[in-house]
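Asks: this one's structure only:
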């Protein structure tokens, strides 16, 4: 997950920023569900098991943000592409490096974790090492993989959506093929792009459909298709549809310790219904006035939405462990983590990004 749209100040886009706080909270609940297994009803625990889908909605938002920013003229070569990639680097890496390096300084570098893989985010392509460092940072590798290929996909998208989707499918097949060819060659010791289940669930090449949903939303924003423009109560239908989909997926959990996407039907629901209802919900938040849009657009929610990237990076792993060792509040330090994330955003992430952005812009 990465920071939200910053170039737009409209009420509607602020709602998407506020939505990031809700999604980050869903991921927090998901990662803490194990502590509540004895205290919540079975059906609620089933739903908590599927709140990892908050990451899926982050991916949809990322696809929307990039397509909204760079359509119809994506930077596909030369200096514009390099500048584009640098802009993405300064979004992700400063806060990430700060926390990882703090953990290295405090705990040392684990002998079984190649530091260069972790710092470069290449570890997210390895089934053996994707949870090294900050366990949740595997999704940053997914994000940056998308950023790398997005301009090419958007360039093709402008002339043919089918060809663009075909490229994404081809990239998935190629990634799996590389992993298995590598395995046949020398055993693929780091398990890069191997096995196929890892590729499908933990890499961009298997999660491309979520980013594509966001790109689709950006491309039809000002000229929606009939099925979307004539759909009533978009925010309600999108929100309720997502909740029902989560409930349905939860019914396919093999055990209370597993996930519904491990069943083919659950995986199909995650692949088709989650992006579909996300499109409807986000379109409603952008184009329709509602109580939810007003709430998510509030100053407090926008601030927390902007701080959600920092929150995501500290809500488990190093910072969270250090806080728990100091003191564990009844809310599992939920409020304290948001306070730290907000301070980190206001006094480190935001000012550093603004300074680095000026440096990158000077490359023109």
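Replies: Yep, it's here. Computed from a predicted model, the values in this text were never measured in an experiment.

Asks: neighbours of residue 349, just the number please.
Replies: The local packing of residue 349 (other Cβ atoms under 10 Å) involves 22 other residues. For every residue, glycine as well, the C-beta is placed using N, CA and C.

Asks: which residue is the nearest non-sequential neighbour of it?
Replies: The shortest distance from residue 349 to any non-neighbouring residue, by Cβ to Cβ, 6 or more residues apart in numbering, is to residue 95 (5.1 Å).

Asks: please tell me how far the one you found sits from residue 309.
Replies: Separation of residue 95 from residue 309 (Cβ to Cβ, to the nearest Å): 7 Å.

Asks: give me the residues contacting the lowest-mean-pLDDT helix or strand in the chain.
Replies: Between all helices and strands in the chain, the lowest mean by mean pLDDT, DSSP states H and E belongs to helix 226-229, at a mean of 84. With Cβ atoms under 8 Å, 6 or more residues apart in numbering as the test, helix 226-229 has contacts from 220, 234, 279-280, 283.

Asks: among those residues, name the buried ones.
Replies: Buried by 16 or more other Cβ atoms under 10 Å: 234, 279-280, 283, out of the contacts of helix 226-229.

Asks: any idea which of these is closest to residue 200?
Replies: residue 279 (21.3 Å; Cβ to Cβ).

Asks: which strands and helices sit next to the host helix or strand of the closest one?
Replies: With elements taken from DSSP states H and E, the one containing residue 279 is helix 264-287. Counting by 3 or more Cβ pairs under 8 Å, 6 or more residues apart in numbering; DSSP states H and E, the packing neighbours recorded for helix 264-287 are helix 11-32, helix 53-70, helix 204-219, helix 226-229, helix 234-250, helix 291-296.

Asks: which other helices and strands contact the next helix or strand after the last one?
Replies: Later in the chain than helix 291-296, the nearest helix or strand by DSSP H and E is helix 299-306. Contact here means 3+ Cβ pairs under 8 Å, 6+ apart; on that basis helix 299-306 packs against helix 11-32, helix 334-344.

Asks: chain center to the shortest one, what's the gap?
Replies: Spelled out, it's helix 334-344. 19 Å (Cα atoms, centre = their mean, to the nearest Å).

Asks: for residue 327, grab the count of nearby residues.
Replies: Residue 327 has 8 nearby residues by other Cβ under 10 Å.

Asks: then residue 43?
Replies: With other Cβ under 10 Å as criterion, residue 43 counts 11.

Asks: from residue 242, how far off is it?
Replies: In terms of Cβ to Cβ, residue 43 sits 17 Å off from residue 242.

Asks: now do the helix or strand residue 143 falls within against helix 204-219, angle only.
Replies: Take DSSP H and E as the rule and residue 143 turns out to sit in helix 138-157. Orientation check (axes from the mean of the first three to the mean of the last three Cα atoms, to 10 degrees): helix 138-157 against helix 204-219 gives 50 degrees.

Asks: so which elements touch whatever helix or strand comes next after helix 138-157?
Replies: Note on helix 138-157: by DSSP H and E, the next helix or strand toward the C-terminus is helix 161-186. Judged by 3+ Cβ pairs under 8 Å, 6+ apart, helix 161-186 is in contact with helix 138-157, helix 196-202, helix 204-219.

Asks: still on that earlier bit, what touches both of residue 95 and residue 309?
Replies: residue 349.

Asks: more neighbours, those two?
Replies: residue 309 (25 against 22).

Asks: roughly how far apart are the more buried one and residue 73?
Replies: 27 Å.

Asks: what residues of stretch 41-60 count as buried?
Replies: For stretch 41-60, by 16+ other Cβ under 10 Å, it's 45-60.

Asks: residues near the residue nearest to residue 32 when sequence neighbours are not counted, how many?
Replies: Excluding the flanking residues, the one nearest residue 32 by Cβ to Cβ, 6+ apart is residue 332, at 5.2 Å. Residues within reach of residue 332, counting by other Cβ under 10 Å, total 19.

Asks: these two touch, right, residue 332 and residue 35?
Replies: Yes - judged on Cβ atoms under 8 Å, residue 332 makes contact with residue 35 at a distance of 6.7 Å.

Asks: any low-confidence regions in the stretch 101-250 of the chain?
Replies: Counting by pLDDT under 70, the stretch 101-250 of the chain has no low-confidence residues at all.

Asks: do that again at 90, thanks
Replies: 221-233 (pLDDT under 90).

Asks: how far away is residue 141 from residue 116?
Replies: For residue 141, the distance to residue 116 - Cβ to Cβ - is 14 Å.
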